[in-house]
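# Dropping a prediction and its sequence here:
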Amino acid sequence: MIQKAKPIRLIVPLNQADQFEGFEVCEVFDTRQAYLEDCQIFYQDLFRSFTLIGVTGTKGKTTIAWWLTHALRQLGVGTAYIGTLGILDTELHKGVNTSVGLQTLIGELKKFKTLGIRSVVCEVSSQGLDQFRIPVQFFSVRIFTDLSEEHLDHHKTMQNYLNSKLMFFRGGQFYGLVLDRCAYKNQIEEASGQKMHQYGLGGKGRLPQFTLKDSLVGLELKSQLFHVCVPFCGFFNAENLLAVMETLLALGYSETEVRNVVEELPQVPGRMERVLHPNGASIFIDYAHSSQSLEFVLKSVWELKPAQLVLVFGCGGDRDPSKRARMGQSAALYADQIFLTSDNPRTEDPEKIMDAIQSGIGDHPGLCRVADRRTAIQKAVRLLKPEGVLLVCGKGHEDYQIVGNQRFHFSDKEEIEAVCRTLI
């Protein structure tokens, strides 16, 4: 006997049911939210088969997530990464969004399971939360870095931005971690109904000792202070490292295990990523593309008193123009030599973008405008003294340049390495 097929159930927005006669229709306020809720029920066994760790906040997500992934791998845990740098399982696959679509996530988790992966570290974006791409309730570790005015072209107000982030802390039981200088700890605890632990340099973390080549970072645990030495500089990297250490300790690893793995962590692509100049000078590639991020990076290097601090940067076209003068101000405050250049000009005139940035720089004796980014990098690398530092900021790991409506291959790292080879 042939069984009658079950009716197809359609989930549709409110007031559209009359367009689907003959189907079983469920009207909902938001179809993305309804899809997420259904997936969280249907795929709950899949989600629960992993330890899901999420990192959200304006800055620091990529570094913390990348380091946590590699630390867990060194501890013998099959771990995957999903975030700004792409998707890392047996190799790194390029991605489009920081937080992948829900259907993509489910597909990746199925693949991870066949690879024997047990933990997944995810960068969690506010857009991903707004669009219900994140199965929040299944994340057993949730980390909040901080919030700054960087994505207001999407969120319009800081309150909207914060509300999006708070979605990550509602539902399910989890271990929560928040940066100690973050102003939103109380709001997160109120939203989650749970205590948030803190990391950073103001509490159990101790002020690190920096050089251009490494940092000595201390963490207080049970009234005892233990130190790790890592090949990274910058107070923000010390904070990121403390987030990794606190998370590993919360997952049950010993002080010795934590120290051993964090001292072997790799560089994060495009996040204060070091390239050595043939004359011994230090070159760093960083994703800093807001005034606060740029100032953080510049100040952390400036405080180490290099003989020369050279900066290459620009601002993206068709994006928040209000930050351009502020980024110029940050540059003028610390850099000895500034190469003002292009950074994805898109449909805007690069010269007009540079005019806006220069309005914040003012009359700076070391300012040089070079619209072509390749030429700007070449000039900066050749100018660098043996005890100097060059920061190439804005694009980080990105390997493209958008001019008009076309995307061209362009990698800051490749360009730096190419000119360095000519100086050997």
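That came through fine. Numbering: from 1, shown residues only.

# Against Val258, how distant is Val121?
Val121 sits 16 Å away from Val258, going by CB to CB, to the nearest Å. Just so you know, the C-beta spots here come from the backbone N, C-alpha and C atoms, and that holds for glycine as well.

# Which residue of those two possesses the greater neighbour count?
Per other CB atoms under 10 Å, whichever of Val121 and Val258 has more neighbours is Val121, with 27 against 23.

# other SSEs contacting whichever strand or helix holds Tyr161?
Here Tyr161, judged by DSSP states H and E, is contained in helix 158-166. Here helix 158-166 touches helix 126-130, helix 152-155, helix 185-192, going by 3 or more CB pairs under 8 Å, 6 or more residues apart in numbering; DSSP states H and E.

# ok, now with 6 Å
Of the remaining helices and strands, those touching helix 158-166 by 3 or more CB pairs under 6 Å, 6 or more residues apart in numbering; DSSP states H and E are helix 126-130.

# Flag the shaky bits of the stretch 101-250 of the chain, pLDDT-wise.
149-156, 203-207, 221-224 (pLDDT under 70).

# Tell me where it has strands.
When secondary structure is read from DSSP state E, counting those that start in this stretch, the stretch 101-250 of the chain shows strands at 119-123, 139-144, 175-179, 196-199, 205-210, 215-221, 224-230.

# Out of those strands, which is closest to Gly396?
Closest to Gly396 of the strands of the stretch 101-250 of the chain, according to CB to CB: strand 119-123, at 13.7 Å.

# List the strands paired with that closest one, with their directions.
strand 51-56 (parallel), strand 79-83 (parallel) (DSSP bridges).

# Let me have these in CSV, extended by distance to Gln173, mean pLDDT and mean neighbour count.
As requested, these are exported to CSV (distance: least, CB to CB, whole Å; pLDDT from 0 to 100; neighbours: other CB atoms under 10 Å):
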stretch, distance to Gln173, mean pLDDT, mean neighbour count
strand 51-56, 13, 98, 25
strand 79-83, 21, 98, 25
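
# rewinding a little: pull out the buried positions in the helix holding Tyr161.
For helix 158-166, a neighbour-count test (16 or more other CB atoms under 10 Å) marks 161-166 as buried.

# Measure how buried the nearest residue in space to Leu129 that is not next to it in sequence is and give me the count.
Take Leu129 and drop its neighbours on the chain: the residue closest to it by CB to CB, 6 or more residues apart in numbering is Met167, 4.4 Å away. Using other CB under 10 Å, Met167 has 18 other residues around it.

# And for Leu294?
Neighbour number of Leu294 under other CB under 10 Å is 27.

# Tell me the pLDDT of it.
At Leu294, the predicted lDDT confidence score is 95.

# Check Lys395 too.
96.

# So what does Arg271 have for phi and psi?
Backbone torsions of Arg271, given as degrees, to the nearest 10, read phi -120, psi 100.

# And for the one 4 residues further on?
Comment: the main-chain dihedrals of Val275 come out as phi -130, psi 130, following degrees, to the nearest 10.

# go on, the one 5 residues further on?
Main-chain dihedrals, Gly280, degrees, to the nearest 10: phi 100, psi -10.

# Could you tell me what pLDDT the model assigned to it?
The model's pLDDT for Gly280 equals 93.

# what separates the nearest residue to it once chain neighbours are set aside from Thr31, distance-wise?
Excluding the flanking residues, the one nearest Gly280 by CB to CB, 6+ apart is Pro386, at 5.1 Å. As judged by CB to CB, Pro386 and Thr31 stand 60 Å apart.

# Please apply the same query to Lys165.
Noted for Lys165: a distance of 23 Å to Thr31, by CB to CB.

# go on, Leu75?
On the measure of CB to CB, Leu75 and Thr31 end up 40 Å apart.

# go on, Ser342?
Taking CB to CB, one finds Ser342 at 40 Å from Thr31.

# And these two? Which one has more around it.
Of the pair Ser342 and Thr31, Ser342 is the one with more neighbours under other CB under 10 Å, namely 26 against 17.

# Neighbours of the closest residue to Tyr287 other than its chain neighbours, how many?
Residue nearest to Tyr287 in three dimensions, not counting chain neighbours: Gly396, with 2.9 Å by CB to CB, 6+ apart. Neighbour count for Gly396, taken as other CB under 10 Å: 23.

# Thought Pro269 was touching Gly396, still the case?
No: Gly396 sits out of contact with Pro269 when judged by CB atoms under 6 Å, with a separation of 7.3 Å.

# What lies in contact with stretch 268-280?
With CB atoms under 6 Å, 6 or more residues apart in numbering as the test, stretch 268-280 has contacts from 63, 66, 85, 234, 267, 283-287, 384, 386, 396-397, 416, 420, 423-424.

# Quickly list the domain ranges of this structure.
Listed by automatic domain parsing, the domain ranges of the chain are 35-262, 273-421.

# Let me see the ranges of the strands in the stretch 251-400 of the chain.
Taking DSSP E, counting those that start in this stretch, the strands of the stretch 251-400 of the chain run over residues 273-276, 282-286, 308-313, 337-340, 367-369, 388-393, 400-403.

# Those: which one's closest to Ser126?
Smallest distance to Ser126 across the strands of the stretch 251-400 of the chain (CB to CB): 21.7 Å, for strand 282-286.

# Kindly format the C-alpha coordinates of the closest one as CSV.
Output of strand 282-286 as CSV, limited to C-alpha atoms (Å, rounded to 0.1, in the frame of the first residue of the first chain):
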residue,chain,number,x,y,z
SER,A,282,61.2,44.7,12.6
ILE,A,283,58.2,44.9,10.2
PHE,A,284,54.7,44.2,11.5
ILE,A,285,51.6,43.6,9.4
ASP,A,286,48.4,44.4,11.3
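
# And the contacts of it?
With CB under 6 Å, 6+ apart, strand 282-286 has contacts from 212, 270, 272-275, 277, 297, 389-393, 412-413, 416.

# same thing with stretch 50-70?
With CB under 6 Å, 6+ apart as the test, stretch 50-70 has contacts from 79, 81, 83-84, 119-124, 138-148, 150, 165, 168, 240, 243-244, 265-266, 268, 271, 293.

# Brilliant, that's me finished.
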